[in-house]
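Colleague: Fold the following for me, if possible:
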Amino acid sequence: MQGPVDRKLKTLTTLIYSVAKEIFGLEEPKTCKEPPRPNRRQTRIENLRRELRQLRRRYLNSSPFEQLGLSQLRDTVRSQLNSLRKAENTRSNNSERAKKRAAFTDNPYIFARSLLDKERYGVLETSIKGVRQYLHDAPSNPKREDALGDCDRIDPVDPPEKGLVVTEPTLVEVKEVIKKARSGSAPEPNAIPYTVYKVCPLLLKRLWKLMKVL
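Modeller: Numbers count the residues shown, from 1 in each chain. Just a heads-up that it's a prediction; the model follows:
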């Protein structure tokens, strides 16, 4: 724990991870469950599809007189198949909606991240020079040095009565923030969750001392 404060912070989190890994170990990846067996409606749908394929083959190899009856029979099977498919799709959508609702209720942060943190894909065909030029031109404002002057639509604002608080954070303030934070979330990219600081007062105090230096 010697050296500048940023090195101390990195050392602190590395020690927390190493000691926790040594004492508690790592979580084993969950084994894949066996695929669920089809229900009665799904089995019925598969049987009707098989029957429809057989009727189609018989229709091609039958006489015109037999094709009339086979055509009516195919229409009946198609109607039953469409009704069962609609019912199965409705059941599947309701089940998926219930799972997503439960996942959101359990942890909204992880659920939102699973929706927004999708894997990026595609190939960048622009040259590095073109990308740098775009990043330079896009946020640039050639008139940024010009004075804007007064705006009649903005009401005048009285100066603040109290000055900005620039004192160091107190231990009570840090404890309040840690207490209100979600236990499963992590404040830094090192993935050390807030639970560690909630159940380890000495580590929280050490973190507070480093925050005061910062």
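Colleague: for the longest helix along the chain, packing partners?
Modeller: Longest helix in the chain, counting residues (DSSP state H): helix 64-106. Secondary-structure packing of helix 64-106 (3 or more CB pairs under 8 Å, 6 or more residues apart in numbering; DSSP states H and E): helix 40-60, helix 108-116. C-beta here means a position set from N, CA and C on the backbone, and glycine is covered the same way.
Colleague: Would you map out the domains in the protein?
Modeller: Each domain of the chain is listed here as a residue range: 40-116, 168-214, per automatic domain parsing.
Colleague: Residue 143 is nearest to which of those?
Modeller: Each of the domains of the chain has some distance to residue 143 by CB to CB; the shortest is domain 40-116, at 34.9 Å.
Colleague: Looking at the closest one now, give me its mean pLDDT.
Modeller: Mean pLDDT, computed over domain 40-116, is 89.
Colleague: Also stretch 156-166?
Modeller: In this model, stretch 156-166 carries a mean pLDDT of 86.
Colleague: Would you mind stating the distance between residue 88 and residue 100?
Modeller: Using CB to CB, to the nearest Å, one gets 19 Å for the distance from residue 88 to residue 100.
Colleague: same deal with residue 79?
Modeller: Applying CB to CB, the value for residue 79 to residue 100 is 32 Å.
Colleague: hang on, the earlier thing: return the most buried member of the helices and strands packed on helix 64-106.
Modeller: Among these, helix 40-60 has the highest mean neighbour count (mean count of other CB atoms under 10 Å), at a mean of 13.
Colleague: can you count the residues close to the closest residue to residue 168 other than its chain neighbours?
Modeller: Distance criterion CB to CB, 6 or more residues apart in numbering; nearest residue to residue 168, sequence neighbours excluded, is residue 212 at 4.5 Å. Using other CB atoms under 10 Å, the number of residues around residue 212 comes to 14.
Colleague: pLDDT score assigned to residue 212?
Modeller: 88.
Colleague: isn't it right next to residue 171, touching?
Modeller: No - between residue 212 and residue 171 there is no contact under CB atoms under 8 Å: 9.2 Å.
Colleague: returning to what we had before: for residue 33, find the nearest of the domains of the chain.
Modeller: Comparing the domains of the chain under CB to CB, the one sitting nearest is domain 40-116, at 14.1 Å.
Colleague: Need the distance between the two termini of the closest one.
Modeller: Using CA to CA, to the nearest Å, one end of domain 40-116 lies 36 Å from the other.
Colleague: Also stretch 14-34?
Modeller: Criterion CA to CA; first-to-last residue distance in stretch 14-34 is 38 Å.
Colleague: cool, stretch 53-69 as well?
Modeller: Start-to-end span of stretch 53-69 (CA to CA) is 16 Å.
Colleague: Grab the CA positions of stretch 147-159 and hand them over as CSV.
Modeller: The C-alpha coordinates for stretch 147-159 follow below in CSV (Å, rounded to 0.1, in the frame of the first residue of the first chain):
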residue,chain,number,x,y,z
ALA,A,147,-19.5,36.0,-27.9
LEU,A,148,-23.2,35.0,-27.6
GLY,A,149,-24.3,38.1,-25.8
ASP,A,150,-27.4,38.5,-23.6
CYS,A,151,-30.5,36.5,-24.3
ASP,A,152,-33.8,38.3,-23.5
ARG,A,153,-35.6,34.9,-23.0
ILE,A,154,-33.5,34.0,-20.0
ASP,A,155,-34.5,35.4,-16.7
PRO,A,156,-31.7,36.8,-14.5
VAL,A,157,-30.6,34.5,-11.7
ASP,A,158,-29.7,35.6,-8.2
PRO,A,159,-26.2,34.5,-7.1
